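> curious how this folds, go ahead:
(chains A and B)
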Amino acid sequence: GENVEQHPSTLSVQEGDSAVIKCTYSDSASNYFPWYKQELGKGPQLIIDIRSNVGEKKDQRIAVTLNKTAKHFSLHITETQPEDSAVYFCAASRMDSSYKLIFGSGTRLLVRP
Amino acid sequence: SQTIHQWPATLVQPVGSPLSLECTVEGTSNPNLYWYRQAAGRGLQLLFYSVGIGQISSEVPQNLSASRPQDRQFILSSKKLLLSDSGFYLCAWKKGQGETGELFFGEGSRLTVL
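Purely as a prediction, here's the structure:
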């Protein structure tokens, strides 16, 4: 089955700096790669996703890149703000009828004011 | 609009006691339903998923079970809790058909087994 590795486990940046979180996946048939943000005591929420037919996607201050050959994908947050502080999860899945989203272990991001 | 409800929000149970966590989804039909567990400081582990009434797939062998008695109801159960069952349990749903892969999570149930 799919296995997703995520690094780093914690990341501390100064407000205004960029943050990068990296993930690798094992199942070459996976074709959907979302990123979720989880605030304290709440369920995760989708912030951006990318399909395998696309190499990069951007939405304002966040962007995701995918290297299908190397089975790597990354989340980039620019101009970080204190409200970006949260736990971020990457995930991978095949988009088929038995859709199972497998998550990485999470990255705790702290943006220092 | 669609909503997901999960309860109870917090639960403290002794070792060996039973467990029942309930999740319901409103505003959609035939959703895919999921139970995840998040241990302290760790990632989200997929426990069970269901693509229809009575159809349950188990991802991790353990003393937990899941049932889907109605289209939009998903229940996580245990007959005898272990200390290692402590964690934050999250129910989620996804549209059963269509191109979107987004999972919508409930607010979670925090279980402490003493």
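
> quick check, central residue of chain B?
B:W35 (3.0 Å; Cα atoms, centre = their mean).

> whichever residue of chain A sits closest to chain B: how many residues sit nearby?
Residue of chain A nearest chain B, by Cβ to the nearest Cβ: A:G43 (3.0 Å). Quick note: C-beta positions are derived from backbone N, CA and C, even for glycine. Using other Cβ atoms under 10 Å in any protein chain shown, A:G43 has 22 neighbouring residues.

> in contact with it, which residues are there?
B:90, B:92, B:105-108 (Cβ atoms under 8 Å, 6 or more residues apart in numbering or on different chains).

> and the helix or strand containing the residue nearest to the centre of chain B, anywhere near chain A?
Using DSSP states H and E, B:W35 maps to strand B:32-38. Yes - interface with chain A: strand B:32-38 contributes B:32, B:34, B:36 (Cβ under 8 Å from any Cβ of the partner chain).

> how many neighbouring residues does A:T69 have?
Residues near A:T69, counting by other Cβ under 10 Å: 7.

> repeat for the one 3 residues further on
The criterion is other Cβ under 10 Å. On that basis, A:H72 has 14 neighbouring residues.

> check contacts around A:R94.
Contact partners of A:R94, counting by Cβ under 8 Å, 6+ apart, are A:27, A:29-32, A:100.

> which residue, neighbours along the chain excluded, lies closest to the residue of chain A closest to chain B?
In space, A:G43 comes closest to B:F105 once its chain neighbours are excluded; the distance is 3.0 Å by Cβ to Cβ, 6 or more residues apart in numbering or on different chains.

> next one: phi and psi at that neighbour?
Backbone torsions for B:F105, taken as degrees, to the nearest 10, come to phi -100, psi 150.

> name the element the closest residue to A:D27 other than its chain neighbours belongs to?
Once flanking residues are discounted, A:D27 sits nearest to A:E2: 4.1 Å by Cβ to Cβ, 6+ apart. Counting by DSSP H and E, no helix or strand carries A:E2.

> which residues touch A:E2?
With Cβ under 8 Å, 6+ apart, A:E2 has these contacts: A:25-27, A:30, A:92-93, A:100, A:102.

> ok, and what's touching the helix or strand harbouring A:R108?
Using DSSP H and E, A:R108 sits within strand A:107-112. For strand A:107-112, contacts defined as Cβ under 8 Å, 6+ apart pick out A:6-15, A:19, A:21, A:77, A:80-89.

> how about the strands in chain B?
With DSSP state E as the definition, chain B shows strands at residue ranges B:3-7, B:10-13, B:19-26, B:32-38, B:44-52, B:55-58, B:64-70, B:73-78, B:87-94, B:104-105, B:109-113.

> around chain A, pick out the residues from chain B.
B:32, B:34, B:36, B:42-46, B:49, B:51, B:57, B:59, B:90, B:92, B:94, B:99, B:101-103, B:105-108.

> narrow those to those that are buried.
B:32, B:34, B:36, B:43-46, B:49, B:51, B:59, B:90, B:92, B:94, B:101, B:103, B:105-106, B:108 (16 or more other Cβ atoms under 10 Å in any protein chain shown).

> so where's chain A shaky on pLDDT?
A:97 (pLDDT under 70).

> which residues of chain A fall in strands?
Under DSSP E, chain A gives strands at A:4-7, A:10-14, A:19-25, A:32-38, A:45-51, A:56-59, A:62-67, A:72-77, A:86-92, A:102-103, A:107-112.

> for the third one, the distance to its chain's centre please.
Here strand A:19-25 is found 6 Å from its chain centre; the criterion is Cα atoms, centre = their mean, to the nearest Å.
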